[in-house]
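# attaching a predicted model along with its sequence, questions to come.
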Amino acid sequence: MVMNMMMGFGRLVVSLKSKLRYLKMKKPAYYDKIEKSESMRVEIRSRKARKLIEETMKIADSPRTSKTYAF
């Protein structure tokens, strides 16, 4: 009886290993590109603008004000 259970367990392990191997070899799923809505575009622009303002303020507040920067 114990021997029978061990053989069943062994088959289960072999089966799981082969399934895992198959999943590793399987190509990744490709997703459709999501179209950006107008609100998403506005949010992206505002983030870029905030970042630019922040970088400009860092330069303006730096103690090396004698250098000139081209914007």
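Nice, thanks for sending it over. The structure displayed is predicted, hence computed values, not measured ones. Numbering: from 1, shown residues only.
# CA atoms for contacts and neighbours, from now on please.
Will do.
# what stretches of this structure score poorly on pLDDT?
Using pLDDT under 70 as the threshold, the predicted model of the chain has low-confidence ranges 1-7, 26-30, 64-71.
# what segments of it are helices?
All helices of the chain, identified by DSSP state H, fall at 2-25, 38-61.
# adding distance to Tyr31 and mean neighbour count, write those helices out as TSV.
Compiled in TSV, the helices of the chain are given as follows (distance: least, C-alpha to C-alpha, whole Å; neighbours: other C-alpha atoms under 10 Å):
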stretch	distance to Tyr31	mean neighbour count
helix 2-25	18	11
helix 38-61	19	12
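# reformat these as TSV; add distance to Asp32.
Output for those, formatted as TSV (distance: least, C-alpha to C-alpha, whole Å):
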stretch	distance to Asp32
helix 2-25	22
helix 38-61	17
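# contacts only, for the residue nearest the centre of the chain.
In the chain, the C-alpha nearest the mean C-alpha coordinate belongs to Tyr31, at 13.5 Å (C-alpha atoms, centre = their mean). If a contact means C-alpha atoms under 8 Å, 6 or more residues apart in numbering, then Tyr31 has no contacts.
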